[in-house]
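Student: Take a look and give me a structure for this.
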Amino acid sequence: MSELPLEISRVTKRFQTGFLNLRQATAVEDLSLSLQPNEIVGLLGPNGAGKTTTLKMVTGLIFPTAGEIRLFGMPVSRRDARRRMGFLPENPYFYDYLTAEEFLHMACGLADMPLSGRAGRVDRMLRKLGIHHARHLPMRKFSKGMLQRAGLAAALIHDPDLVILDEPLSGLDPLGRRDFREIIL
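Tutor: The predicted model follows:
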């Protein structure tokens, strides 16, 4: 049997807050869940419920105070586990002087993809995400929806086994939301 893409076991995350960090705030408490292969799951809850904190722990951007997170049977701290994941943060940062094409080539490099085949993969992702027409424009000229599409392209460029999307439909018009859902499915 293959390993699970994601296992979260009794994870808690506390932050030091207040003057001199003398108080603690609990963002996530005793969370356990697992994902099966090919499963699509959404985290729902009000603002401040710990959804983004959980996703940041899953991606290794922050670490839990207690508990364990495993990707494909390996601790989230292992780079080879995180390499199998694509991530689109809630507020992605883009080098706005880069074109979409240059940005995706950079994403290929960060994913250690071989040079041969990168150009074709970038071209296919730009077409699939509907921004091929703007591939030579600096990203500072992109709309919010176009930036979301470029961010998703970067998250998917290396064909990851697990994709983490934080607020992926933010800033998209109704057609963009429909396209995004189709790509996710």
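
Student: Please count neighbours and contacts with C-alpha atoms only from this point.
Tutor: Fine.

Student: what stretches of this structure score poorly on pLDDT?
Tutor: Applying pLDDT under 70 to the chain flags residues 1-2.

Student: 50 - rerun?
Tutor: Scanning the chain with the threshold set as pLDDT under 50 gives 1.

Student: hey, where'd the strands end up in it?
Tutor: 6-17, 23-35, 66-71, 74-75, 85-88, 162-165 (DSSP state E).

Student: Can you spell out which helices and strands pack onto the lengthiest helix in the chain?
Tutor: Scanning the chain for the helix with the most residues, using DSSP state H, yields helix 144-156. Helix 144-156 sits against strand 85-88, helix 100-110, helix 118-128, with contacts defined as 3 or more C-alpha pairs under 8 Å, 6 or more residues apart in numbering; DSSP states H and E.

Student: want to throw the ones you listed into CSV with mean neighbour count and distance to residue 156?
Tutor: Output for these, formatted as CSV (neighbours: other C-alpha atoms under 10 Å; distance: least, C-alpha to C-alpha, whole Å):
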stretch, mean neighbour count, distance to residue 156
strand 85-88, 22, 6
helix 100-110, 20, 10
helix 118-128, 17, 8
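
Student: Looking at these, which is nearest to residue 139?
Tutor: Closest to residue 139 of the helices and strands packed on helix 144-156, according to C-alpha to C-alpha: helix 100-110, at 6.2 Å.

Student: I'd like to know how far the closest residue to residue 130 other than its chain neighbours sits from residue 11.
Tutor: In space, and not counting its chain neighbours, residue 130 is closest to residue 149: 7.7 Å by C-alpha to C-alpha, 6 or more residues apart in numbering. Separation of residue 149 from residue 11 (C-alpha to C-alpha, to the nearest Å): 31 Å.
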